[in-house]
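Asker: Below are the sequence and a predicted model for it; my questions follow.
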Amino acid sequence: MSILETIKSRFRPVLSELAPRTSSALLEMIRPAQESRFGDFQANFAMPLAKQLGANVGARELATNILNRVKLDDFCEVPEVAGPGFINLRIRDDWLIESLNKAVADPRCGVQATESPRTYVVDYSSPNVAKPMHVGHIRTTVIGDALDHVLRFLGHRVISDNHLGDWGTQFGMIIYGYKHFVDRAAYVEHPVQELGRLYRLVNKLVGYFDARQQLPELRGQVQQREALLSRSQALPESDKKRSAELQRSQRQLKEAQDALQETEARVRELESEPKTAALLAAHPRIADDVLRETALLHGGDAENLRLWHEFLPNCRDEIQRVYRRLNVRFDFEYGESFYHDQLSVVVDRCLQSGIARESNGAICIFLDGFETPMIVRKSDGAFLYATTDLATIEFRARTWNPDVILYVVDHRQSEHFEKLFAAARQLGYHRIDFRHIKFGTILDDQGKPFRTRSGDTVGLEGLLDQAVQKAHEVICRLDDEKRNGRELSEEQRARIAEIIGIGAIKYGDQSQNRESDYKYSLEKMVALDGNTITYLQYSHARVGGIFRKAEVDRAGIRTSPGSIQFALPADRALAMILAQFHQALLDVIVDYRPNLLTTYLYDLAKAFHVFFENCPVRDAETEALRTSRLKLCDLTARIIEIGLSLLGIPVVERM
RNA sequence: GCGCCCAUAGCUCAGCUGGAUAGAGCAACGGAUUUCUAAUCCGUAGGUCGCAGGUUCGAAUCCUGCUGGGCGUGCCA
């Protein structure tokens, strides 16, 4: 049990007796101390509880009373009541030492598996297999993978399921492209590249017609905003809001003009390329034809189905290549196509149970609190992703009987998931705890969604390459600057750069609060200081250096006799953090926030560096102290290693 | 129009269901090195937590209004 859980378990009986209804909330008010002068932990429940119990109960008095009834002296120093009624707790050194001795000897560093495992389905990544993966897939993949690992490590049953987009319009595009533009030789030689080329080509042509169709609307918007601007200008000078209105109208007009210009430029650019222009002239109805190919595929057309079966394995291989590089694995990859024959069944079930009805030709589920319905069948008879999502819930419930389903998806889909979960509950899935694990957008340094200069999304692999290259530069520079000359071979440098580069992207992402947007900065992610992967890796590698210099076997030290001991404050400070690894992982899964793990690891690395400065290990004053410090070092490195592995990042032994 | 989210140091961000004097990192300035890898550590400076009210022993956190921004909004995913 974590230290915090131990403390809570002691207070629980007394608090449940005093306040049966609110005791669990009150227990949550026991937490690590905010400042070291307040001890190791603080309990803040006395003030609210005093208020709850009545006007004439003093919080300090109440705190003292409670302390008299709670047994803590086997692992805490005598508690203090401070200020208006804070209870300050300091863990006894002998108890802390004992729990660390156990952690040192434990392959899991003191983290026990839960006694009440739950079954989680984690739905994340979910790319369209016909398109190259892009920057938008980073967060879902990295966060989902980390949650998967943390839950598993804590002893829960986890099923990771990659809900691949393998049945949508993108395949209509590839099929259309294949039928009209395929280069046979290239296809035979490198099918994946050729299919990718076909996808991009058709997407470009369709994009042209989309853009041209948008032009009238964009022009209308500019006119509308010009009108708004002149209306603001017409406001009397005395109006307080005039300048604000004016500014806003001007900005909005500029935005509309920019959007129009961009689109016009794109249209002109495509028209000016002779080859493209010829294709555009030859395929004027390509947008509709692509949809028709898709509809044929869904309708069971033999030829399109055959092509789909031929293309799909290639597309999936391509995606798997990226996952291998990212070191991400799924238990299952039931894509959209897997649910194809269930969609009409789901719609029928919605109709029969009365939660859905026909409206304007579409089958809709109207839900309380929502203005617009969730549409499960379009008026043309086609199904939507809401339909697939319901079919997926039905399948997962039947197959795995999960307690929780996590959807690691962009926050912009919040409303969709609120509706989906509400509909699922109406269909009878009350028992499942559905959670939308939402995350923010990755922005460029201007604060705009991260895109290439030409407005396309940024490819994921290119981003990885860039990070690896940047990491390589940093590794080489630092190795060259070493006092005794370079230590790493070219192969080592390349291998380390791959781990640090990809680790930088993963760690950089997960050190952000998942709900907020963040600015992508490669410089910051591979920086050497601050809360970065390099700082963590360096801390880990330094432990290796200590053991090498001291000529001690790391595995051997774990089982060697001798206890942890605290000679200096830095010994104890490091030990205190080491003892809280379990709690850090528990905190992560309360609200599914990996950044709580990165914060913990960063705190650990900082405490280790303070320890490193102040506490000689190899030349410790006594043999016993040397052993103690070696054990603390080893445990530090192992917790960093496990912690990073839970974030999907391997460690390097030297750098 | 309606709905959801956001606003914290010059910059990038934490701040865990209300708790003690709001924290990191970067950038700035000042120190520490015959090293267990200085890729580090110590220190200084920097804030009206968007604005105005309210709730209470206590508010960055909860409520209301306002300002500024993002996103979503019936047949895309």
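Answerer: Sure thing, it's come through. Numbering: from 1, shown residues only, chains lettered A, B, ... in the order given.

Asker: where do the strands sit along the stretch 351-500 of chain A?
Answerer: Counting by DSSP state E, counting those that start in this stretch, the stretch 351-500 of chain A has these strands, from start to end: A:356-359, A:362-365, A:374-377, A:404-410, A:433-439, A:442-443.

Asker: which helices and strands sit right next to the one helix or strand A:V543 maps to?
Answerer: Using DSSP states H and E, A:V543 sits in helix A:533-550. Helix A:533-550 is packed against helix A:490-510, helix A:595-614, helix A:623-646, with contacts defined by 3 or more CB pairs under 8 Å, 6 or more residues apart in numbering; DSSP states H and E. Every C-beta, even on glycine, is put in place using the N, C-alpha and C of the backbone.

Asker: would you list those in TSV and tack on mean neighbour count and distance to A:I557?
Answerer: Below are the helices and strands packed on helix A:533-550 laid out as TSV (neighbours: other CB atoms under 10 Å; distance: least, CB to CB, whole Å):
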stretch	mean neighbour count	distance to A:I557
helix A:490-510	21	25
helix A:595-614	19	16
helix A:623-646	22	5
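
Asker: one step back: how about residues contacting the helix holding A:V543?
Answerer: A:474, A:499-500, A:503-504, A:506-508, A:525-529, A:553-554, A:557, A:601-602, A:604-605, A:608-609, A:612, A:617-618, A:626, A:630, A:633-634, A:636-637, A:640-641, A:644, A:649, A:651-655 (CB atoms under 8 Å, 6 or more residues apart in numbering).

Asker: One more pass at 7 Å, please.
Answerer: Here helix A:533-550 makes contact (CB atoms under 7 Å, 6 or more residues apart in numbering) with A:500, A:503-504, A:507, A:526-529, A:554, A:601, A:605, A:608-609, A:612, A:617-618, A:633-634, A:636-637, A:640-641, A:644, A:649, A:651-655.

Asker: Kindly report the domain assignment for chain A.
Answerer: A:3-91, A:169-313, A:461-646 (automatic domain parsing).

Asker: about what we covered before: can I get the helices and strands packed on helix A:533-550 in TSV including distance to A:G207 and mean pLDDT?
Answerer: Listed next are the helices and strands packed on helix A:533-550 as TSV, based on distance: least, CB to CB, whole Å; pLDDT from 0 to 100:
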stretch	distance to A:G207	mean pLDDT
helix A:490-510	28	95
helix A:595-614	37	95
helix A:623-646	40	96
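
Asker: Looking at these, which is nearest to RNA strand B?
Answerer: helix A:595-614 (3.7 Å; CB to the nearest atom of the strand).

Asker: Can you dump the C-alpha atoms of that closest one in PDB for me?
Answerer: Taking Å, rounded to 0.1, in the frame of the first residue of the first chain, the C-alpha atoms of helix A:595-614 are listed here in PDB:
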ATOM      1  CA  ASN A 595       1.500  14.400 -17.000                       C
ATOM      2  CA  LEU A 596       1.300  13.500 -13.300                       C
ATOM      3  CA  LEU A 597       3.800  10.700 -14.000                       C
ATOM      4  CA  THR A 598       6.200  13.000 -15.900                       C
ATOM      5  CA  THR A 599       6.000  15.500 -13.100                       C
ATOM      6  CA  TYR A 600       6.800  12.800 -10.600                       C
ATOM      7  CA  LEU A 601       9.800  11.600 -12.600                       C
ATOM      8  CA  TYR A 602      11.100  15.100 -13.000                       C
ATOM      9  CA  ASP A 603      10.800  15.700  -9.300                       C
ATOM     10  CA  LEU A 604      12.700  12.400  -8.700                       C
ATOM     11  CA  ALA A 605      15.400  13.400 -11.200                       C
ATOM     12  CA  LYS A 606      15.800  16.700  -9.500                       C
ATOM     13  CA  ALA A 607      16.000  15.100  -6.000                       C
ATOM     14  CA  PHE A 608      18.600  12.700  -7.400                       C
ATOM     15  CA  HIS A 609      20.800  15.500  -8.700                       C
ATOM     16  CA  VAL A 610      20.700  17.200  -5.300                       C
ATOM     17  CA  PHE A 611      21.600  13.900  -3.700                       C
ATOM     18  CA  PHE A 612      24.400  13.500  -6.300                       C
ATOM     19  CA  GLU A 613      25.800  16.900  -5.500                       C
ATOM     20  CA  ASN A 614      25.700  16.400  -1.700                       C
END
